[in-house]
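1. got a structure for you, letters missing:
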């Protein structure tokens, strides 16, 4: 089977995505699959063949090499941010009748929007921070924010990943800087009450047809919170398994699985929680988690004793099965 391992994207997360793509290429079973490295970047779509860039035909997502056309049987999607994590590429591939890994276009669009995700999960009694939703140009005062959320509070773009544009405001004098930082990433932002507790990141996936909690990783940031530097520049400790008592761990596992199913998810995901007084509070869900060797999801797979090649094999099987359902 010809497998397109699609990586890159149009956001600052593209560098992380390309690292993820390399791990996937290294772990696909070559006895079953012929993988191709496909880059989707602002300067174009192309496939790398023996070090040569060949353009992707956007009409049918194929390419030609020396007059020979190659099409793909399935797509392994590891594009972080837009357009691979917000539903755009998923919709395009469905129109082309091409099976792809991960969740569907609707779930991708929904979960990329933090406000809408929180709105859906509010119906399922999953604890979360108090929040204020703000669009660029909306009027709000510092007094309004503090009276609603208290101090400190978090400011984050509504649609962004890898903690890009996220700030913790400890002093109201830093509010405008935080707003500018978030609005540089998105026209809509969330301002949330600060949750003080143990941060855990939970890998959840549909593994061979069953919702499976892969593992829990405790995040200990050397910075004020788990920001971009802490995630990708080594300024954090990631402890797998998380140091939780058995009762709390089970509650986190149950809540993560509940959120995954409530959102209609499939494929790999990483859900972040802050555990306060034994209760996991939902922060966000990432539907294309980082898969570089330093990323949390591969760490959890290793701890669980499941080979990445097996996880990818399951993903491809699920993608092909979903294509059969499209035709019904």
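-> Cool, the structure landed. Nothing here was measured: the structure is a model prediction, and the numbers come from that model. Numbers count the residues shown, from 1 in each chain.
2. CA atoms for contacts and neighbours, from now on please.
-> OK.
3. After the lowest-mean-pLDDT helix or strand in the chain, which helix or strand is next?
-> Each helix and strand of the chain was given a mean pLDDT (mean pLDDT, DSSP states H and E); the minimum falls on helix 228-232 at a mean of 54. Next along the chain after helix 228-232, taking DSSP states H and E as the criterion, comes strand 236-239.
4. Listing partners with orientation, what would you give for that following strand?
-> Paired neighbours of strand 236-239 in the sheet (DSSP bridges): strand 210-221 (antiparallel).
5. can you give me the helices in the stretch 51-200 of the chain?
-> Using DSSP state H, counting those that start in this stretch, the helices found in the stretch 51-200 of the chain span residues 88-95, 105-112, 114-121, 142-149, 175-183.
6. for those, which one sits closest to residue 240?
-> Residue 240 lies closest, by Cα to Cα, to one member of these: helix 105-112, at 25.0 Å.
7. Give me whichever of the helices of the stretch 51-200 of the chain is most buried.
-> Each of the helices of the stretch 51-200 of the chain was scored by mean neighbour count; the highest is helix 105-112, a mean of 21, by mean count of other Cα atoms under 10 Å.
8. OK, contacts around the most centrally placed residue in the chain?
-> Nearest to the geometric centre of the chain sits residue 286, at 2.5 Å (Cα atoms, centre = their mean). By Cα atoms under 8 Å, 6 or more residues apart in numbering, the contact set of residue 286 is 111-112, 161, 269-271.
9. and the gap between it and residue 157?
-> 14 Å (Cα to Cα, to the nearest Å).
10. Also residue 208?
-> Distance from residue 208 to residue 157, by Cα to Cα: 34 Å.
11. So between these two, which is more surrounded?
-> Set residue 208 next to residue 157 and count neighbours by other Cα atoms under 10 Å: residue 157 wins out with 29 against 14.
12. report the longest helix in the chain, please.
-> The longest helix of the chain (DSSP state H) is helix 308-326.
13. Need the contact partners of it.
-> Contacts of helix 308-326 (Cα under 8 Å, 6+ apart): 24, 27-29, 74, 76, 97-102, 206-209, 267, 298, 301.
14. buried stuff in that helix?
-> Within helix 308-326, the residues that count as buried by 16 or more other Cα atoms under 10 Å are 308-309, 311-320, 323.
15. cool, stretch 37-50 as well?
-> Here stretch 37-50 shows 37-41, 45-47 as buried, counting by 16+ other Cα under 10 Å.
16. Start and end of it, how far apart?
-> Distance between the two ends of stretch 37-50: 10 Å, counting by Cα to Cα.
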